[in-house]
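Chemist: Any chance you could fold what I've pasted below:
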Amino acid sequence: MSQRKPGKREKFAAAAQARESETKIDRSVKVPTWWFLLPVITAFLVYANTLGHGFALDDYAAILENADTRKGFAAIGDIFSTSYRHGYTMIGDELYRPLPKALFAICWQLAPDSAAPGHWTNVILFAITCFVIFRSLNRWFPSHPLMALIASMLFAVHPVHTEVVANIKSLDEILSFLLGFISLDLFFRYHNEHKKRFLVLGSFTLFGAFLSKESTITFLPLFPLLLWFALDFDWKKAIVSSWPVLLPTLVFFLIRHQILYSEGMFTPGPPSVADNMLQYAKDPLLRFTSAVAMLGRYLQVLLVPSPLTFDLSFPQVTPEGPGSFRFIVSAVVLTGLLVLAFWGLSKRTGWSFALLFFFVTVSVSSNIFVLIGTHYGERLMYMPSFGIVLSLAWLISHGKWATIDKPGRLSPMVIAITLPILLVYSGLTVARNPVWKDNGTLYYSGLTSAPNSVRVQYYQGLYLGKEETIAGFPMESRDSVVKAAFKHLNRATELYPSFHDAWTQLGVISFRQAQLARNAGDTLTMKKYMDNALKYYSEALRYNPYDPVVYNNSATVYFEAGNIQEAFKRFQKAVEYKPDYADALMNLGSCYGMMGQFDQAIQYFDKCIAVDPSKAQAWYFAGITWRNKGDENKAAYYLGQFERLNGKK
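Modeler: Got it, this is the predicted structure:
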């Protein structure tokens, strides 16, 4: 009896079935539902005391003082077509992170001036991240659900994450890791289950991770590593099979380049010593040994997360030479872990994957290969910390005591080892969270954790010198608060004389004191503070001659002193270095108005309004200028907008 030869469709189906049987992994250990929920609930509970917090630190640049963010829904298009810090008074921004900034704008639209939506967003997304970690690990290593549970629980309670979850701005860290991790899982599922929808979804989520933070680039080596460890691909197949991740990567960096460098952006110089003390290490060897020593410090904090600090800038820490104890210990420990990771590579062990995850994701933030904007930040360990907690989870879950005799039942020894760590970490996290309540609590904490940090002294002086801070004190205490602000800022200039931010803030406070003296009729004191303000601004420009804020502020001093020509020149400089600087545009309009050039004045007031429509003063000045031109209809329109904005306040 003759047999029909299989057709092309049947051959394809048979090949697909054979391929699937080679790679598809069946779950061998049943996992109870409550294991999926436990990391989520734990993550929410340990960060519940942050939900009532306010804005702190970089929240001001990204949200509270960012003209783009404050436009709400109307700014979404601009956010995706401009740099991350666009809308804030700084130049030289080389960051493109539109996704978190768009979410900030949405939160602002829903609740202006409120930090609550941002904190809820961070806590919820962090809890989801812990769920994704457990679910993904359970899928990648189905015979080790205990490792997945312990890793996700340790990640949920690790104190080093407070800077990320408790600080709204660090939504970029949360989204980058969450979307990158989901992308890893989706690519795994594509190769394991052979369903193209996972490839498409994985590409989109990876692109979303890039839109959140550029350091997502460190995820790329993880794709072939995961295929090697979890699906037993050989190296050639693992690398070739990972090529689809290059497409969203290439698209992102092409878009990023087009947007950042089509703005006529002023190219920034290298980071200052105040931001990255490795700039203080002039030779490559000292810079390398210092970076290794700092990576060792990071590892120490990941294992023993106390004490923590929001800042650790120069000269609290200084470069470490090849003979320093910290470098030697760091180099030995890190080299040992790296050797261990590669030794386990051929055996495809879980701890090898975990250690390689740490080394790969910490590569950029370590400053070993490329110098970044800072030498230290606990937020930078958010992604690499997963590698460390996974390593600990592997150690705990692979002892003889770690057997699971019934689904959901843990051995007493596992509980005895894991529970104390979880309780200590949880306690440290809950206790650390209030530090991030607002700038007052945060900056004050730094005086204990890093008193010789130039930025800690600067931030404390900055906070105490704010008008709203001073207003919160009784009248009889306000002079003491101002003196304390001067004290901390002067201390910052002593620690690092070239720190132009401190000089700038000294000028700001001096000018405000001059205005108070003028209002009190004390001409002599007013002149003293005006002279001091110009002296401080001169020092700031000496160390950073391209700062538009200093040009604007010093111009304001000259304007108030009646020197309109000098003020005009400096306002022009401010606009030259930052064309979208709302305050400088408005002030330049005022100069034109004082010189009787009303058409030019209105032109600059309109430019200011286009940048920041919430700038009530610009509407007012434009209205008065139209009145001076004799156009009462336009004057009424602008003054009406001014009244509307004032009514909102």
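
Chemist: List the residues that contact F44.
Modeler: F44 makes contact with 123-124, 127, according to C-beta atoms under 8 Å, 6 or more residues apart in numbering. C-betas here are computed from N, CA, C, even on glycine.

Chemist: Keep only those of those residues that are in strands.
Modeler: Among the contacts of F44, none falls in strands (DSSP state E).

Chemist: any idea which of those residues is closest to S306?
Modeler: Nearest to S306, judged by C-beta to C-beta, of these is V123 at 22.3 Å.

Chemist: Cross-check the contact I'm expecting between the closest one and Y47.
Modeler: Yes - the pair V123 and Y47 passes the contact test of C-beta atoms under 8 Å, sitting 4.7 Å apart.

Chemist: Can I get the buried part of the contacts of F44 as one PyMOL selection?
Modeler: In PyMOL, this line selects whichever of the contacts of F44 come out buried by 16 or more other C-beta atoms under 10 Å:
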select buried, resi 123+127
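
Chemist: thinking again about what came up before, identify the contacts common to V123 and Y47.
Modeler: Common neighbours of V123 and Y47 (C-beta under 8 Å, 6+ apart) are V165.

Chemist: Outside of stretch 330-340 itself, list whatever touches it.
Modeler: Taking C-beta under 8 Å, 6+ apart as the rule, stretch 330-340 contacts 289, 292-293, 295-297, 299, 351-352, 355, 358-359.

Chemist: Closest to T309 out of those?
Modeler: R297 (11.0 Å).

Chemist: Is there a neighbour count for that closest one? I'd like the number.
Modeler: 17 (other C-beta atoms under 10 Å).

Chemist: go on, P420?
Modeler: As a measure of burial, P420 has 10 neighbours, counting by other C-beta under 10 Å.

Chemist: what do you get for Y382?
Modeler: Y382, neighbours per other C-beta under 10 Å, totals 26.

Chemist: Poorly predicted segments of the stretch 1-150 of the chain, please.
Modeler: 1-29, 91-92 (pLDDT under 70).

Chemist: what's near enough to touch Y84?
Modeler: With C-beta under 8 Å, 6+ apart, Y84 has these contacts: 62, 93, 95-98, 101.

Chemist: Got a quick ChimeraX command for the buried subset of those residues?
Modeler: Per 16+ other C-beta under 10 Å, the buried members of those correspond to this ChimeraX selection:
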select :62,93,96,97,98,101
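
Chemist: still on that earlier bit, dump the contacts of stretch 330-340 to TSV, plus distance to T318.
Modeler: Listed next are the contacts of stretch 330-340 as TSV, based on distance: C-beta to C-beta, whole Å:
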residue	distance to T318
T289	12
V292	15
A293	10
L295	16
G296	15
R297	13
L299	19
W351	34
S352	35
L355	29
F358	26
F359	25
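
Chemist: now, which of the contacts of F44 sits nearest T523?
Modeler: V123 (53.6 Å).

Chemist: Name all residues that make contact with the closest one.
Modeler: 43-44, 47-48, 50-51, 165.

Chemist: For L639, state which of these is nearest.
Modeler: L51 (40.7 Å).

Chemist: show me the contacts for the closest residue to the closest one other than its chain neighbours.
Modeler: The shortest distance from L51 to any non-neighbouring residue, by C-beta to C-beta, 6 or more residues apart in numbering, is to H119 (5.2 Å). Going by C-beta under 8 Å, 6+ apart, H119 touches 50-53, 166, 168.

Chemist: Ranking by neighbours, what's the top pick from these?
Modeler: I168 leads these on contacts (other C-beta under 10 Å) with 30 neighbours.

Chemist: for the residue nearest to it when sequence neighbours are not counted, helix, strand, or coil?
Modeler: Distances taken as C-beta to C-beta, 6+ apart put G118 closest to I168, at 3.5 Å, once the chain neighbours are dropped. Classification of G118 into helix, strand or coil gives helix, according to DSSP: H, G, I helix; E, B strand; the rest coil.

Chemist: now swap in I368 and tell me
Modeler: coil.

Chemist: didn't it look like it was pressed against S290?
Modeler: No - using C-beta under 8 Å, I368 is not in contact with S290, being 9.8 Å away.

Chemist: Those two - which one has more neighbours?
Modeler: Taking neighbours as other C-beta under 10 Å, I368 and S290 compare with S290 leading, 26 against 18.

Chemist: Could you list which residues are in contact with the more buried one?
Modeler: For S290, counting by C-beta under 8 Å, 6+ apart, the contacting residues are 277-278, 281, 319-321, 327, 375.

Chemist: Next up, the contacts around the most centrally placed residue in the chain.
Modeler: Closest residue to the average C-alpha location of the chain: S170 at 4.2 Å, with C-alpha atoms, centre = their mean. Taking C-beta under 8 Å, 6+ apart, we find S170 in contact with 58, 122, 163-164, 379, 382.

Chemist: Buried only: go through these for me.
Modeler: 122, 163-164, 379, 382.

Chemist: Just give the number of residues close to D232.
Modeler: D232: 13 neighbours (other C-beta under 10 Å).

Chemist: now swap in L171 and tell me
Modeler: Going by other C-beta under 10 Å, the residues that sit close to L171 add up to 27.

Chemist: That one and T121 touch, don't they?
Modeler: Yes - between L171 and T121 a contact is recorded at 6.6 Å, counting by C-beta under 8 Å.

Chemist: Identify the contacts common to the two.
Modeler: By C-beta under 8 Å, 6+ apart, the residues touching both L171 and T121 are L103.

Chemist: Low-confidence regions, the stretch 151-300 of the chain specifically.
Modeler: For the stretch 151-300 of the chain, the ranges with pLDDT under 70 are 262-269.

Chemist: what's the answer for the stretch 401-550 of the chain, then?
Modeler: 401-409.

Chemist: so where do the helices sit in it?
Modeler: 412-432, 439-449, 454-464, 467-471, 478-495, 500-519, 523-543, 548-560 (DSSP state H, counting those that start in this stretch).

Chemist: ditto for the stretch 1-150 of the chain
Modeler: Under DSSP H, counting those that start in this stretch, the stretch 1-150 of the chain gives helices at 8-23, 33-46, 59, 76-79, 98-110, 116-140, 145-157.

Chemist: who wins for proximity to Q565 among these?
Modeler: That would be helix 76-79 among the helices of the stretch 1-150 of the chain, by C-beta to C-beta, at 34.9 Å.

Chemist: what comes into contact with the closest one?
Modeler: 68-69, 71, 86, 98, 101-102, 105-106.

Chemist: Give the burial count for S136, as a bare number.
Modeler: Neighbours around S136, by other C-beta under 10 Å: 21.

Chemist: Spit out the contact partners of the closest residue to it other than its chain neighbours.
Modeler: Residue nearest to S136 in three dimensions, not counting chain neighbours: D185, with 4.2 Å by C-beta to C-beta, 6+ apart. Applying C-beta under 8 Å, 6+ apart, we find D185 in contact with 132, 135-136, 139-140, 202.

Chemist: okay, these in a markdown table with distance to A584 next?
Modeler: Shown next, in a markdown table, are the contacts of D185 (distance: C-beta to C-beta, whole Å):
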| residue | distance to A584 |
| --- | --- |
| V132 | 45 |
| R135 | 50 |
| S136 | 49 |
| R139 | 54 |
| W140 | 53 |
| G202 | 45 |
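
Chemist: Closest one to F314 out of those, please.
Modeler: Nearest to F314 among those, with distances taken as C-beta to C-beta, is V132, at 37.5 Å.
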